[in-house]
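K.L.:
I'd like to go over a predicted model; first the sequence, then the structure.
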Amino acid sequence: MSDHPVLNYISAGAWSLVQPLLSNRAKDLLITLIDFMENDVLPAEKLFHAQIPTHPPEARWASVPPILEELTLRAKGRGLWNLWLSGGDFQGMAGGQGGGLSNLEYAVMAEIMGHSAILAPQATNCSAPDTGNMEVLARYGTPEQKEKYLVPLLKGDIRSSFAMTEYGVASSDATNIRNTTALPSSNPDKLVVKGHKWWITGAGDPRNAIHIVLAMTDPQNPSPHKRHSLVLVDPRSKGVKIVRPLTVFGYDDAPEGHCEVVYDGVEVDVDSGVVGGLAGLGKGFEIIQARLGPGRLHHCMRTIGIASRALEILLQRVSDPNRKTFGKYLRAHGTVIADIAHCRAEIDAARLLVLAAARRIDVVGAKGAMQDIGIAKFTVPSMALKVIDRAMQVHGAEGVSQDTPLAYYYASLRTLRYADGPDEVHIQQIGKNELKRVEKLDQRFERIKKEGDRLLEANGKAKAKL
């Protein structure tokens, strides 16, 4: 399919690698998705933002732009709903809903959706944190929890939050999380949730119906990885206080937001309020590791699309005859040409990392692909930030204003270098994993050296300089 419209979005080389691994259904679905993006989603972006109220401030958190509901209906009607849901066992756990695509197939589609990074994932029910939360509920939730929360999330009737990061705590080391507890009350069937979280994405959304909260349930457990559980908190429960929406370089991401939240004595049932019921007590870390792997890669998939969109904006700017400097098009200046070339090379290289990690998940599962996911996680956002920075530079002051999406892209992706674990954590782990290879490397090169010495001796030669 050398004429497939996806070639307007990804390189021919990458397509030639992945095309044989994609089903005919996925290739057809890609065509449908691209048509949906170009004729429905991208034209609706300005209206989406215009429909978010500006005054009074609290109105920004009270409603959802109507155009989003229109787009979700169109996406459902065209079979572009829950595309992130992979096939196999997980597809069955989710009640058979979703695209049933491989992770590799979804990687290509997520990149396309990244060209409209806010609107497209929401319109297709492929946005964080809901995808990760649905995965938690599908894999670990009780039948009752699936019916109450997973089903409406899959339908797009509600939204959710994942409350992990704690206020005043170095949460990059998750074992530090301690100020949020869910401990027995006077009623043995109840847990009382107390804690202070922040950067809770989606907590400001009026559609939000559930917070999945990482809380300490067994503070005295000798293993720091068995002290926590995931508890289910209704944001409308007594004791839940949304303190404020936090801003990222001035952006508040209304109506979703990234909020500071206090849980002050919220009661939950032990059996129904802990993910997995009684069997889920103490399994918080086990569950979040399963949750974070694919989710980290989904962010990377979309980020490739954001970077590609930024490059397209850059190309149009430097080709605008109204923007000539010193009598020349911006694209005629050597530094600009070099920037364009670096952007192209960096995007294409990063895409291959993401596609390789997605393929690895399909072959060995998310746990076996953590090395590949980790490398993509700290490489892709930094790459995209460089591309966006170059695009902003050729726009001059306009590049940091609200008149282009570039400043928002930059703010969002700068944040992504913290989300799901700071870069430093992933870099350290990858470095440690590489060092584990030293013993085998020594053994291999010792064998090679011995054979080299034998060959020299057998041919009557002295040691050679290399």
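P.N.:
Perfect, I can see it now. Model, not experiment: these values are computed from the prediction. Numbering: from 1, shown residues only.
K.L.:
ok now the lengthiest helix in the chain, how far from the chain's centre?
P.N.:
If you go by DSSP state H, the chain has its longest helix at helix 284-318. With Cα atoms, centre = their mean, to the nearest Å as the basis, helix 284-318 stands 6 Å off its chain's centre.
K.L.:
buried ones in it?
P.N.:
In terms of neighbour count (16 or more other Cβ atoms under 10 Å), helix 284-318 has its buried residues at 284-288, 290-311, 313-314, 317-318. Quick note: C-beta positions are derived from backbone N, CA and C, even for glycine.
K.L.:
ok, the most centrally placed residue in the chain to N176 distance?
P.N.:
Among the residues of the chain, the one closest to the centroid is H299, at 2.5 Å (Cα atoms, centre = their mean). As judged by Cβ to Cβ, to the nearest Å, H299 and N176 stand 23 Å apart.
K.L.:
Next: G460.
P.N.:
Here G460 is placed at a distance of 65 Å from N176 (Cβ to Cβ).
K.L.:
which one of those two has more residues nearby?
P.N.:
Counted by other Cβ atoms under 10 Å, G460 and N176 do not tie: N176 has more neighbours, with 12 against 6.
K.L.:
What's the separation between that one and A170?
P.N.:
In terms of Cβ to Cβ, N176 sits 5 Å off from A170.
K.L.:
Distance from the chain centre to stretch 268-277, please.
P.N.:
With Cα atoms, centre = their mean as the basis, the mean position of stretch 268-277 lies at 27 Å from the chain mean.
K.L.:
So for it, what gets flagged as buried?
P.N.:
Quick answer for stretch 268-277 (16+ other Cβ under 10 Å): V268, V270, G273, V274, V275, G276, G277.
K.L.:
Stretch 390-409 too?
P.N.:
By 16+ other Cβ under 10 Å, the buried positions in stretch 390-409 come out as 390-395, 399, 404-409.
K.L.:
for that stretch, how far is the first residue from the last?
P.N.:
End-to-end span of stretch 390-409 (Cα to Cα, to the nearest Å): 13 Å.
K.L.:
from the chain's centre, how far out does it sit?
P.N.:
On the basis of Cα atoms, centre = their mean, stretch 390-409 sits 23 Å off its chain's mean C-alpha point.
K.L.:
Give me the contact list for it.
P.N.:
When contacts are defined by Cβ atoms under 8 Å, 6 or more residues apart in numbering, stretch 390-409 is touched by residues 45, 117, 249, 251, 306, 309-311, 313-314, 317-318, 330, 336, 339, 342-343, 384, 388, 410.
K.L.:
Please, which helix or strand holds the residue lying closest to W61 once chain neighbours are set aside?
P.N.:
For W61, ignoring the flanking residues on the chain, the nearest one in space by Cβ to Cβ, 6 or more residues apart in numbering is G204 at 4.7 Å. Using DSSP states H and E, G204 falls within no helix or strand.
K.L.:
Off-centre distance for the helix or strand hosting A341?
P.N.:
Taking DSSP H and E as the definition, A341 sits inside helix 334-364. With Cα atoms, centre = their mean as the basis, helix 334-364 stands 17 Å off its chain's centre.
K.L.:
Can you tell me which helices and strands it packs against?
P.N.:
Contacting helix 334-364 under the criterion 3 or more Cβ pairs under 8 Å, 6 or more residues apart in numbering; DSSP states H and E are the following elements: helix 12-18, helix 103-113, helix 284-318, helix 370-394.
K.L.:
Measure how that helix sits relative to helix 370-394, angle-wise.
P.N.:
Angle of helix 334-364 versus helix 370-394, following axes from the mean of the first three to the mean of the last three Cα atoms, to 10 degrees, is 160 degrees.
K.L.:
What residues of helix 334-364 count as buried?
P.N.:
For helix 334-364, the neighbour count (16+ other Cβ under 10 Å) marks 336, 339-340, 343, 346-347, 350-351, 353-362 as buried.
K.L.:
Please apply the same query to stretch 201-212.
P.N.:
When burial is assessed from 16+ other Cβ under 10 Å, stretch 201-212 yields the following buried residues: T201, G202, A203, G204, D205, N208, A209, I210, H211, I212.
K.L.:
repeat for stretch 73-90
P.N.:
Neighbour count says stretch 73-90 has R74, A75, K76, L80, W81, N82, L83, W84, L85, S86, G87, F90 buried, by 16+ other Cβ under 10 Å.
K.L.:
cool, stretch 233-248 as well?
P.N.:
For stretch 233-248, burial by neighbour count (16+ other Cβ under 10 Å) applies to V233, P235, V240, I242, P245, L246.
K.L.:
Inside helices: which ones of these?
P.N.:
Applying DSSP H to these, no entry is found in helices.
K.L.:
In CSV: those, plus distance to P222 and pLDDT.
P.N.:
Formatted as CSV, these follow (distance: Cβ to Cβ, whole Å; pLDDT from 0 to 100):
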residue, distance to P222, pLDDT
V233, 27, 98
P235, 34, 97
V240, 32, 98
I242, 36, 97
P245, 39, 95
L246, 35, 96
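K.L.:
List just the nearest of those residues to N24.
P.N.:
P235 (42.9 Å; Cβ to Cβ).
K.L.:
how close does the closest one sit to L292?
P.N.:
Noted for P235: a distance of 22 Å to L292, by Cβ to Cβ.
K.L.:
repeat for A384
P.N.:
According to Cβ to Cβ, A384 and L292 sit 20 Å apart.
K.L.:
do the same with G396
P.N.:
Distance of G396 to L292, given as Cβ to Cβ: 39 Å.
K.L.:
now do R244
P.N.:
26 Å.
K.L.:
Likewise for A310?
P.N.:
Using Cβ to Cβ, we find A310 at a distance of 26 Å from L292.
K.L.:
Kindly report the same for H211.
P.N.:
Separation of H211 from L292 (Cβ to Cβ): 17 Å.
K.L.:
swap in M383?
P.N.:
Relative to L292, and taking Cβ to Cβ, M383 is found at 21 Å.
K.L.:
Ramachandran angles for the closest residue in space to Q371 that isn't next to it in sequence?
P.N.:
Nearest residue to Q371, sequence neighbours excluded (Cβ to Cβ, 6+ apart): N433, at 5.8 Å. For N433, the backbone dihedrals (degrees, to the nearest 10) come out as phi -60, psi -40.
K.L.:
how many other residues sit next to N433?
P.N.:
N433 has 13 neighbours, counted by other Cβ under 10 Å.
K.L.:
That one reaches H426, doesn't it?
P.N.:
No: the criterion here is Cβ atoms under 8 Å, and N433 misses it with H426 at 10.5 Å.
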